[in-house]
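**Q** Build the 3D model from these lines:
(one chain, ligands or ions: 4)
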Amino acid sequence: MAVEMFYDDDADLGIIQSRKVAVIGYGSQGHAHALSLRDSGVDVRVGLPETSKSRAKAEEEGLRVVTPSEAAAEADVIMILAPDTAQRKIYAEDIAPNLKSGDALFFGHGFNIRYGLIQPPSDVAVAMVAPKGPGHLVRRQFVDGKGVPCLIAVEQDPDGKTEALALSYAAGIGGARAGVIKTTFKEETETDLFGEQAVLCGGISALIQNGFEVLTEAGYAPEIAYFEVLHEVKLIVDLIYEGGIAGQRYSVSDTAEYGDLTRGPRVIGPEVKENMRKILGEIQDGTFAKEWVAEDEAGRPNFTKLAEQGARHPIEEVGKKLRGLMAWMK
Ligand SMILES: NC(=O)C1=CN([C@@H]2O[C@H](COP(=O)(O)OP(=O)(O)OC[C@H]3O[C@@H](n4cnc5c(N)ncnc54)[C@H](OP(=O)(O)O)[C@@H]3O)[C@@H](O)[C@H]2O)C=CC1
Ligand SMILES: CC[C@](O)(C(C)=O)C(=O)O
Ligand SMILES: [Mg+2]
Ligand SMILES: [Mg+2]
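**A** Ligands and ions are numbered 1, 2, ... in the order given. Model (predicted):
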């Protein structure tokens, strides 16, 4: 089925400019949305607890910061951009008591709605504007006059105007410069979790670490291994980003292309695809969400242990040293 795509000409920025927006959280996505909406002429306030480390950063940028409950009470569009695992409590304690009929509750990712952790009342519009990229790039692209593509979805539409509101919001953060696709909370949540686990974060990190280990365990210099399997990834991915896999194959040597065509499927073979299918199954049946919520509630012991192990991987040490010698990385 063809997707519906929207661009700046399809969006009415005036819709979001006529509303009062609360951005709850000022991290990767929160700072990008708050600053770009403000620069698009939208009335924005940021909601953060009195003790939040992010308060000073938002205030330095000239944004008005209030508590999450004050922000929810003032605003009629409330975008939750706190960590997914924190959203249920923020909703119950700060947002729900301040929701008025006709308000709109927005998300940057569908996790809490897809898995039933937040259940807003039926007279509140519920929608999603999910950029397909990290928040710091969402902001950088906006400032450079470009944009990161966004997905929009509508879960509850009490006044029949929620899709236009979501599209207007997406335009306010630059998404409609690149393209906005209409989807559902279910599709965005399941594809986003799959993408970050199997390919974008989990898959690529494991591929790089394993490649580095194979080379260094075979006696090659860590610096050479780092340049080969990490630094050059960006340069190759830039070609894929610009021209697809075919564009990358055009630019590399025939020798590389033959190695790619014959060896790539040996590295990422049918067993890896089967593991990807299992990972997708755990996302679809709620196993991953249940595990992640329980891990968070237990104080994240496994997350912390694995993150510390990752930070101690030898590739990080050599990478820090080499990046420190590249003037443009500072
Ligand atoms: N990271 C990304 O690029 C992307 C994220 N998303 C989605 O966007 C949402 C936000 O993720 P992300 O930007 O990564 O989050 P971050 O972890 O970067 O930022 C979290 C922010 O929320 C604040 N916060 C923590 N607890 C509360 C609270 N109780 N009330 C108000 N604010 C709080 C933090 O403040 P403090 O500084 O005090 O800790 C911080 O400012 C998630 O739904 C995520 O899935 C979607 C697309 C991409
Ligand atoms: C790829 C990770 C992501 O889904 C994103 C930046 O799009 C996230 O949750 O941070
Ligand atoms: Mg994503
Ligand atoms: Mg994600």
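
**Q** just checking, residue 46 is part of a strand?
**A** Yes: under DSSP: H, G, I helix; E, B strand; the rest coil, residue 46 sits within a strand.

**Q** So is the biggest helix by length in the chain next to ligand 2?
**A** Of all segments of type helix in the chain, defined using DSSP state H, the longest is helix 232-251. No: Helix 232-251 does not reach ligand 2 (C-beta under 6 Å from any ligand atom); its nearest approach is 13.3 Å. Using the backbone N, CA and C atoms, a C-beta is placed for each residue, glycine as well.

**Q** Quick check: what element follows that helix along the chain?
**A** As assigned by DSSP states H and E, the chain's next helix or strand after helix 232-251 is helix 254-267.

**Q** Relative to the whole chain's centre, how far out is that following helix?
**A** 31 Å (C-alpha atoms, centre = their mean, to the nearest Å).

**Q** And it, what does it pack against?
**A** Counting by 3 or more C-beta pairs under 8 Å, 6 or more residues apart in numbering; DSSP states H and E, no packing neighbours are recorded for helix 254-267 among the helices and strands.

**Q** Can you check what angle separates it from helix 232-251?
**A** Helix 254-267 and helix 232-251 meet at an angle of 120 degrees, taking axes from the mean of the first three to the mean of the last three C-alpha atoms, to 10 degrees as the criterion.

**Q** Which of the residues in helix 254-267 are classified as buried?
**A** By neighbour count on 16 or more other C-beta atoms under 10 Å, the buried set for helix 254-267 is empty.

**Q** same thing with stretch 275-293?
**A** 276, 279, 280, 282, 283, 288, 289, 292, 293.

**Q** Can you add distance to residue 221 and pLDDT and give those residues back as TSV?
**A** Output for those, formatted as TSV (distance: C-beta to C-beta, whole Å; pLDDT from 0 to 100):
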residue	distance to residue 221	pLDDT
276	33	98
279	34	98
280	38	99
282	39	99
283	39	99
288	38	99
289	43	98
292	38	99
293	43	98
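
**Q** Just the local confidence number for the residue of the stretch 1-150 of the chain found nearest ligand 2, please.
**A** Closest to ligand 2 within the stretch 1-150 of the chain is residue 134: 4.2 Å, counting by C-beta to the nearest ligand atom. We have a pLDDT of 97 for residue 134.

**Q** got the end-to-end distance for stretch 280-292?
**A** Distance between the two ends of stretch 280-292: 15 Å, counting by C-alpha to C-alpha, to the nearest Å.

**Q** Please shift the residue numbers so they start at 760 in all later answers.
**A** Shifting the count to begin at 760 puts that one at stretch 1039-1051.

**Q** Report whether it contacts ligand 4.
**A** No: with C-beta under 5 Å from the ion as the criterion, ligand 4 is not reached by stretch 1039-1051; the gap is at least 11.3 Å.

**Q** so how far is that stretch off the chain centroid?
**A** With C-alpha atoms, centre = their mean as the basis, stretch 1039-1051 stands 18 Å off its chain's centre.
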